[in-house]
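Trainee: Provided below for reference: sequence and predicted model.
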Amino acid sequence: MKKVKSSILNIVLVLAGISAFAGVTLASVYTLTKDTIKDSQTSKIEEAVRAVLPPYDHVSLKPIELKNGVETTNVYKAYDKNNAMVGAAVESTSNNGYRGTIDIIVGFNTKGVIMNYAVIEQNETPGLGAQMESWFKTNIAHQDIQGKNAGTSNLNVSKDGGEIDGITGATISSRAFLFAVRNAYFAFTSNLDVQDQGTKVKVDSTQQKSSHL
Amino acid sequence: MKQSGVKVFLNGIFKENPVLVLFLGMCPTLATTSTALTGMSMGLATLFVLFASNVVISILKNLIPERITMTAYVMIISTFVTVAEMLIHAYYPAMYVSLGIFLPLIVVNCLILGRVQVFASKNSVFYSALDGLGMGLGFTFALTVLGTLRELLGTGKAFGNTVFPEHYGALIFVLAPGAFITLGYLIAVVNSAKLRKTEDIEDNID
Amino acid sequence: MTYILIFISAVFVNNIVLSQFLGVYPILGFSKRIDMVPGMTGAVAFILTISTIITYIIQKTVLIPYHVQFLQTIIYVFTIASLVTLTDRVLKRVSSSLYQTLGVYLPLITTNCVILGVAILVARKDLNLMESVVFAISTSVGFGLALVIFAGIRDQLSLVKLPKSMEGIPVALITAGLLAMAFMGFAGLVK
């Protein structure tokens, strides 16, 4: 078989053919994976929401979404049998990690005490920043954020005058993590009485924005 | 062209290992080997793209006019990279996050464009498939070895299993400098093995 | 202030070559002659800035509004490839002296992962246009810095007697490792 000549017609035909091939392949893989991608994300979040909340009867898994520029915050409220709120799980992100975005879920009771947290997404250095998955719930004084009232505690790394000891050798990751925690609390308090879906409330994202790229 | 399938296949794994001998695809090699698992996953993703592109391009090689070969190749390669991206995102989301921007950057991995131009555009589908498999496995092999070494030296683990306590590890091997240094020594070891082999042959001739 | 932080971060703390591993090829292979550095850096800075702006616009006006972010890789690759070709042609026509200083490095750039890498990074970090431009320029400065330092070190290295198996790439990689270690000292500059 001889090689096809480089005439304009041939070029157009071949490029069109390859584009069609690319289009069909991509479209089919896209439709195949679209739902799975969405599912795996939502199920991960649902699992995390259940893990970080105080004992509850039912939870609104449709979040109240708050968005202000870069950071998105989702609030999932939990209720007991009598439909009284027992706490909320807040998904909060920080773009200031050592290697990109850190996405966490923090659980609060109604008084604003941190019950637990879960890391949804982080890409920090293994052995350093990646320790955040367990560091801030290890039962050591000045390290554990569980049981602290986010409203009255100074949730900053001790280097910056706060009361939490950051991960050794990973101050940037620790700062980003605690920033997300504070942001979560802010979203939590500013929404205690917001009931309807999709209401926008200002989230404190002025500080620290883009300080680490 | 007469060649043996086994030879084509093994060529990429040992004699012309893309990373350790040909020095192709350095960026992902350095960037994704902080643990054995990420290194291996990167290797397998590249293997998939290389294999698929090699096969498709060797089928189409006579249909693509001379003037647009590069455009056509890049188009086919980036299609498969996007497919790999979507599949990993769907079925292995944690790895999608770990590999980060290096997943789309498979497109500019010179290993793939290099093999497509040098091999698939001149050989039959069968041999191109074998070449893609061999080269891809060679790449995966190198990345897995490098990842295991770095993870072990840095954190005392291999594929997440503790081998020795973490505080005996030197964390620097997981960080950027460790990538350069470990790969440097690994290539030096391969080089010295190669040198010894050529010396042996020379000795035999004497 | 943000821009200064982006600059320091991209040049020193997260140097594109020494901590992000993008563009190690020019460092390992082509940096034998220090006089090539300005041309190479200039070419990278030029293409990088323009491609970052164009891909930014594409991302904001096409990919996001039409929910086709999954096409990002393909579209970016083609944008950059056509941009390099176009620049090559324009430079050849417009000025032969400029072509000789910058143009000869253009073919080396197409497969350089710095350009595509920065375009994708900008999209993932969700920077605004001005920040993206500053980031692109700073990244090329960081690239140039690594290139200069490396060319200097290699000049010295050629005078050293090394074991045969360490010559060439291995010693270059290990040197890069030591340099990366030195650059880790900058980590405190940006909080």
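Mentor: Structure received.

Trainee: What residue, apart from its backbone neighbours, is nearest residue C:20 spatially?
Mentor: Take residue C:20 and drop its neighbours on the chain: the residue closest to it by C-beta to C-beta, 6 or more residues apart in numbering or on different chains is residue C:14, 6.2 Å away. Just so you know, the C-beta spots here come from the backbone N, C-alpha and C atoms, and that holds for glycine as well.

Trainee: And that neighbour, what's its pLDDT?
Mentor: At residue C:14, the model reports a pLDDT of 82.

Trainee: any idea how far it lies from residue C:8?
Mentor: From residue C:14 over to residue C:8 the distance is 10 Å, taken as C-beta to C-beta, to the nearest Å.

Trainee: Comparing those two, which residue is more hemmed in?
Mentor: Relative neighbour count places residue C:14 above the other of residue C:14 and residue C:8, with 24 against 17, counting by other C-beta atoms under 10 Å in any protein chain shown.

Trainee: And the strands in chain A?
Mentor: A:58-59, A:64-68, A:71-79, A:85-97, A:100-109, A:114-121 (DSSP state E).

Trainee: want to throw those strands into JSON lines with mean pLDDT?
Mentor: Formatted as JSON lines, the entries for those read as follows, by pLDDT from 0 to 100:
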{"stretch": "strand A:58-59", "mean pLDDT": "76"}
{"stretch": "strand A:64-68", "mean pLDDT": "62"}
{"stretch": "strand A:71-79", "mean pLDDT": "76"}
{"stretch": "strand A:85-97", "mean pLDDT": "83"}
{"stretch": "strand A:100-109", "mean pLDDT": "85"}
{"stretch": "strand A:114-121", "mean pLDDT": "86"}
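
Trainee: Dump the ones you listed into JSON lines; add distance to chain B and mean neighbour count as well.
Mentor: Written out in JSON lines, the entries for those read as follows (distance: least, C-beta to the nearest C-beta, whole Å; neighbours: other C-beta atoms under 10 Å in any protein chain shown):
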{"stretch": "strand A:58-59", "distance to chain B": "23", "mean neighbour count": "14"}
{"stretch": "strand A:64-68", "distance to chain B": "21", "mean neighbour count": "18"}
{"stretch": "strand A:71-79", "distance to chain B": "17", "mean neighbour count": "22"}
{"stretch": "strand A:85-97", "distance to chain B": "11", "mean neighbour count": "25"}
{"stretch": "strand A:100-109", "distance to chain B": "7", "mean neighbour count": "24"}
{"stretch": "strand A:114-121", "distance to chain B": "6", "mean neighbour count": "20"}
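
Trainee: Let's have those strands in JSON lines, adding distance to residue C:187.
Mentor: Below are these laid out as JSON lines (distance: least, C-beta to C-beta, whole Å):
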{"stretch": "strand A:58-59", "distance to residue C:187": "41"}
{"stretch": "strand A:64-68", "distance to residue C:187": "29"}
{"stretch": "strand A:71-79", "distance to residue C:187": "24"}
{"stretch": "strand A:85-97", "distance to residue C:187": "14"}
{"stretch": "strand A:100-109", "distance to residue C:187": "16"}
{"stretch": "strand A:114-121", "distance to residue C:187": "22"}
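
Trainee: ok, which residues in chain C are in contact with chain A?
Mentor: Proximity of chain C to chain A is confined to C:2, C:5-6, C:9-10, C:14, C:70-71, C:74, C:124-127, C:131, C:135, C:187, C:190-191 under the rule C-beta under 8 Å from any C-beta of the partner chain.

Trainee: hmm, try it at 10 Å
Mentor: Proximity of chain C to chain A, by C-beta under 10 Å from any C-beta of the partner chain, involves residues C:1-3, C:5-10, C:13-14, C:19-20, C:68, C:70-71, C:74, C:121-122, C:124-128, C:131, C:134-135, C:138-139, C:187-188, C:190-191.

Trainee: Can you tell me which of the residues you listed are buried?
Mentor: Burial by neighbour count, judged by 16 or more other C-beta atoms under 10 Å in any protein chain shown, picks out C:5-10, C:13-14, C:19-20, C:70-71, C:74, C:121-122, C:125, C:127, C:131, C:134-135, C:138-139, C:190 from these.

Trainee: which stretches of chain C aren't confidently modelled?
Mentor: Low-confidence segments of chain C, defined by pLDDT under 70, span residues C:1, C:29-33, C:103-104, C:107-111, C:188-191.

Trainee: what sits against the residue nearest to the spatial centre of chain B?
Mentor: Centroid check for chain B by C-alpha atoms, centre = their mean gives residue B:139 as the closest residue, at 2.4 Å. Residues near residue B:139 by C-beta atoms under 10 Å, 6 or more residues apart in numbering or on different chains: B:12-13, B:17-20, B:22, B:24-25, B:28-29, B:42-44, B:46-47, B:50, B:109, B:111-112.

Trainee: run the last query once more with 8 Å
Mentor: By C-beta atoms under 8 Å, 6 or more residues apart in numbering or on different chains, the contact list for residue B:139 reads B:12, B:17, B:18, B:19, B:25, B:43, B:46, B:47, B:50, B:111.

Trainee: try residue B:81
Mentor: Taking C-beta under 8 Å, 6+ apart as the criterion, residue B:81 is in contact with B:49, B:103, B:104, B:106, B:107, C:73.

Trainee: just to revisit the earlier point, and the contacts of residue B:139 as CSV, adding neighbour count, pLDDT and distance to chain A?
Mentor: What follows is the contacts of residue B:139, written out as CSV (neighbours: other C-beta atoms under 10 Å in any protein chain shown; pLDDT from 0 to 100; distance: C-beta to the nearest C-beta, whole Å):
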residue, neighbour count, pLDDT, distance to chain A
B:12, 27, 82, 25
B:17, 22, 88, 26
B:18, 30, 86, 25
B:19, 27, 85, 21
B:25, 25, 83, 21
B:43, 28, 94, 18
B:46, 28, 95, 18
B:47, 20, 95, 18
B:50, 31, 95, 16
B:111, 25, 88, 21
